[in-house]
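Student: Model the structure of this input:
(one chain, ligands or ions: 1)
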Amino acid sequence: MQSDLFSASSEEAKAPAATQIEALRARLNRWAHEYYVLDAPSVPDGEYDRLYQQLEHLEAAHPELVTPDSPTQRVLGSVLSGLAPVRHAVPMLSIRTETDIEASGAQAFDARIRRELGLTDADPPVEYIVEPKFDGLAMNLRYEGGALVQAATRGDGEVGEDVTHVIRTIRQIPLILRGEDVPPVIEVRGEVYMRGRDFARLNERQRENGEKLFVNPRNAAAGAVRQLDARIAARRPLSFFAYGLGELTPPEAGGPAFATHHALLCQLQAWGFPVAHEVRVVHGAAELVDYHKYMGARRDKLPYGIDGVVYKVNSLALQRQLGYVTREPRWAVAHKYPPQEVVTTMEAIDVQVGRTGKLTPVARLAPVFVGGATVTNATLHNLFELRRKGVRVGDAVIVRRAGDVIPEVVGRVDDGTTRRPYVPNFRMPLACPVCGSAVVREHGGTDHRCSGGLFCSAQRKQAVLHFAGRKAMDIEGLGEKLVDQLVDLGLIHGLSGIYALQVGQLAGLDRMAEKSAQNVCEALEKSKHTTLARFLYALGIRNVGEATAKDLARHFGSLDALLAADVDALMQVSDVGPIVAESIRTFFAQPHNIEVVQQLQAAGVHWSETAPAPAARQPLAGKTVVLTGTLPTLPRDAAKDLLEAAGAKVAGSVSKKTSYVVAGAEAGSKLAKAQELGVPVLDEDGMRALLAGRA
Ligand code: IVH
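Tutor: You can find the predicted model right below:
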């Protein structure tokens, strides 16, 4: 009967309604499991929807056949007036947190386990199972006769709250266990959480509807779990990972027996629960340390939030032998990472002026250690974001710093009080705090801007820093400290002023010795020989990034041709749309911008012009090239510029789609990968031949 046809066969269509309904449910459950848990759908979404509707019709015609575990019954209609308390059959314990957050924390745990098991150095390493420590809420799911009958939060570990109506809406959680050998009673424990991407989308929706933003995925998940209305909960994208058991029918009463925690997780997976891919079985302290490091490095790339890893002794017999201390098992430990979110006080809000004049409110914070660094400032993005977060100077706020991302204030610590109406105690200034020019806001836009342009020293500083940047004119040594002084002392007024700087002027400045002054002047001289693409990018035209500058240079070949182009001509360039075209026109329509360009050229900035190159005639158009190792004469960036000018895309890693790998001295894994995949490998001469169209 379990044919793989998409819809009920004519045989089935003639069968009694009960049989048809049963067949449809089995098929829909299987597809939902493939889609939500395995991430590997075997049928198009439309096919699922079609059968789902068939089932709805049949159930409408036969209401007596509707059962609570039908896929149509995930969202229950009535709104609860409160959450009922649930006493846990088996208490929900917590895990002890290893206090040492360095790698040595893992060694301390292993040493303790070995001591408690009475092992000596001669005994083999202990086998552990290692798991992410998910940053969500613990949940107990009770199944009787294979059907989900109750879902409860942890609460105080003894008594939690009944949230079955919400948990039923999570499509990753089976309403009936899959497969055979389903025990009479089983409680599955795990973490309900919200994926980063789902959280971002939810907040995007809140923002569009002008509603309050959630501070982080954990809070959004916690709020959703306690929703009284299942229809609202169903719109909150929750997910689940299984990691353990509560009550289980014992083997003597017909329940299953597991030898290891790993075997248990495999069985949970077979019953239809999601188990994290990152779970591993490892041996001994060194491998615990490796896992801690491995997950620490992957942390920001995972689709879900973690605040550490969990080590568990894999053998259930050894777990029993180790037992419990008060409310914590001796056989498990949580090994955390430094927090990426902390609470601190927002002492003031300053306004910073960026390169394009954008005014950014920046929170001044009581210093806190977060994400591995001490943070005293954090961005609030813009006035509207600040209002939606509902923060005021003096508030206790949550500050987040994850990976390379700049620190941000995510929201106010929820102290249970709502402030209605919310009256911010910060206003955007009407005049630029740096130059006093009028502050404007584009109609309908969220950003406030200083209208002073290069008259504003803040914008001038940022413009010079951008101009000197590595991907722009690449002037080494012209950094923030130096530019601040040059602008503040009036040594440079516009961009071209930097080329008039003398060693003598620089040498007198703070942190500048004769030698470094000389180096800066040499770097200035060297930067004069550049490419049109770098020059265009360096000008800091709004909406013209590195890639667009390259496209423009390639397309027009010369600055004069670009200056002569109208909006239509600009839109001929790949990836240039009306907004970018308009920015370019507006920039070059300002006489003072043309003046700056001319002054720079007069100061000696030059590049070789090329014939306009329509994409198709470029020798390497459509090719992907990977650079690895050190080439004998060409620096990496120069090789990249040449390849891109010839139409190639320069990629960072080798795959089957790579056209060529250009390898120099000390080429490593990328070269090996190229050889393995049979990708042609060239040296510098080979690359030059290719560029000249001689290959
Ligand atoms: S095992 C007896 N495994 O951490 C041990 N817990 O204090 C029971 N958590 O709030 C917990 N990821 O929700 C276990 N892979 C994991 C976990 C995990 C997150 C949470 C759990 C509880 C806390 C334990």
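
Student: burial measure for A500, as a count.
Tutor: Neighbouring residues of A500 were enumerated by other Cβ atoms under 10 Å; the total is 12. C-beta here means a position set from N, CA and C on the backbone, and glycine is covered the same way.

Student: Skip the chain neighbours and tell me the closest residue to it.
Tutor: For A500, the nearest residue in space outside its immediate sequence neighbours is A603; the separation is 7.2 Å by Cβ to Cβ, 6 or more residues apart in numbering.

Student: what's the pLDDT at that neighbour?
Tutor: A603 is assigned 95 on the pLDDT scale.

Student: Wait, it touches G494, no?
Tutor: No - under the contact definition of Cβ atoms under 8 Å, A603 does not touch G494, with a separation of 10.8 Å.

Student: Sticking with R189, tell me its helix or strand.
Tutor: Secondary-structure assignment from DSSP states H and E places R189 in strand 185-193.

Student: I'd like the average pLDDT over that strand.
Tutor: Looking at strand 185-193 alone, the average pLDDT works out to 98.

Student: can you check stretch 505-522 too?
Tutor: Model confidence over stretch 505-522 averages 91 on the pLDDT scale.

Student: Neighbours of the residue of the stretch 351-500 of the chain at minimum distance from the ligand, how many?
Tutor: Each residue of the stretch 351-500 of the chain has a distance to the ligand, by Cβ to the nearest ligand atom, and the smallest belongs to A402, at 18.4 Å. Here the count is done by other Cβ under 10 Å, and A402 has 16 residues near it.

Student: Thought D300 was touching it, still the case?
Tutor: Yes - with the criterion set as Cβ under 8 Å, A402 and D300 qualify as a contacting pair; they are 5.7 Å apart.

Student: all helices of the stretch 1-150 of the chain, in order?
Tutor: Assigned helices in the stretch 1-150 of the chain, in chain order: 10-14, 17-32, 45-61, 104-116 (criterion: DSSP state H, counting those that start in this stretch).

Student: closest to the ligand out of the ones you listed?
Tutor: Smallest distance to the ligand across those (Cβ to the nearest ligand atom): 14.0 Å, for helix 104-116.

Student: chain center to the helix or strand containing A285: distance?
Tutor: Following DSSP H and E, the helix or strand that holds A285 is helix 284-298. A distance of 21 Å separates the centroid of the chain from that of helix 284-298, by Cα atoms, centre = their mean, to the nearest Å.

Student: Enumerate every residue touching the closest residue to the ligand within the stretch 101-250 of the chain.
Tutor: With Cβ to the nearest ligand atom, the shortest gap between the stretch 101-250 of the chain and the ligand falls at A138, namely 3.1 Å. The contact partners of A138, by Cβ atoms under 8 Å, 6 or more residues apart in numbering, come to 92, 153-154, 189-191.

Student: ranking those residues by neighbours, who comes first?
Tutor: G190 (25 neighbours).

Student: Who's the closest spatial neighbour of that residue, skipping the chain neighbours?
Tutor: Here the nearest residue to G190 in space, its sequence neighbours aside, is A242; by Cβ to Cβ, 6+ apart that works out to 4.0 Å.

Student: again, but for L265
Tutor: In space, and not counting its chain neighbours, L265 is closest to V275: 5.0 Å by Cβ to Cβ, 6+ apart.

Student: if I look at the one you found, how far off is P132?
Tutor: Distance of V275 to P132, given as Cβ to Cβ, to the nearest Å: 11 Å.

Student: Neighbour count: the two, which is higher?
Tutor: Neighbour tally, V275 and P132, criterion other Cβ under 10 Å: the higher count belongs to P132, 24 against 19.

Student: Beta-bridge partners for the residue nearest to that one when sequence neighbours are not counted, please?
Tutor: Taking Cβ to Cβ, 6+ apart as the measure, P132 lies nearest to I306, with 4.4 Å between them; neighbours along the chain are not counted. When assigned by DSSP bridges, I306 has beta-bridge partners F134.

Student: cool, the one 4 residues further on as well?
Tutor: Residues in a beta bridge with V310, per DSSP bridges, are E131, A334.

Student: How far off centre is stretch 678-687?
Tutor: When C-alpha coordinates are averaged (Cα atoms, centre = their mean), stretch 678-687 and its chain have centres 35 Å apart.

Student: buried set for that stretch?
Tutor: For stretch 678-687, burial by neighbour count (16 or more other Cβ atoms under 10 Å) applies to 679, 681-684, 686-687.

Student: Considering only the contacts of A138, which also neighbour the ligand?
Tutor: Restricting those to those adjacent to the ligand (criterion: Cβ under 6 Å from any ligand atom) gives E191.

Student: Would you mind giving the contacts of A138 as a markdown table with distance to A438 added?
Tutor: Listed next are these as a markdown table, based on distance: Cβ to Cβ, whole Å:
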| residue | distance to A438 |
| --- | --- |
| M92 | 60 |
| T153 | 54 |
| R154 | 55 |
| R189 | 60 |
| G190 | 56 |
| E191 | 52 |
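
Student: residues from the stretch 151-300 of the chain in reach of the ligand?
Tutor: 191, 243-244.

Student: With the stretch 501-650 of the chain instead?
Tutor: Residues of the stretch 501-650 of the chain lying near the ligand (Cβ under 6 Å from any ligand atom): none found.

Student: ranges for the strands of the stretch 501-650 of the chain?
Tutor: Read by DSSP state E, counting those that start in this stretch, the stretch 501-650 of the chain holds these strands, from start to end of the chain: 529-530, 606-607, 624-628, 649-651.

Student: pLDDT on the last one, on average?
Tutor: Just to be clear, that refers to strand 649-651. Throughout strand 649-651, pLDDT has a mean value of 87.

Student: Could you do stretch 95-111 as well?
Tutor: According to the model, stretch 95-111 has a mean pLDDT of 89.

Student: can you check stretch 271-281 too?
Tutor: With pLDDT averaged residue by residue, stretch 271-281 scores 96.

Student: which sections of the protein are below the confidence cut-off?
Tutor: When the per-residue scores of the chain are filtered using pLDDT under 70, the ranges that remain are 1-14, 416, 418, 420, 443, 613-617, 695.

Student: dump the residue contacts of the closest residue to the ligand within the stretch 551-695 of the chain.
Tutor: With Cβ to the nearest ligand atom, the shortest gap between the stretch 551-695 of the chain and the ligand falls at S653, namely 31.2 Å. With Cβ under 8 Å, 6+ apart as the criterion, the residues that contact S653 are 626, 670, 673.

Student: Okay then, goodbye and thanks.
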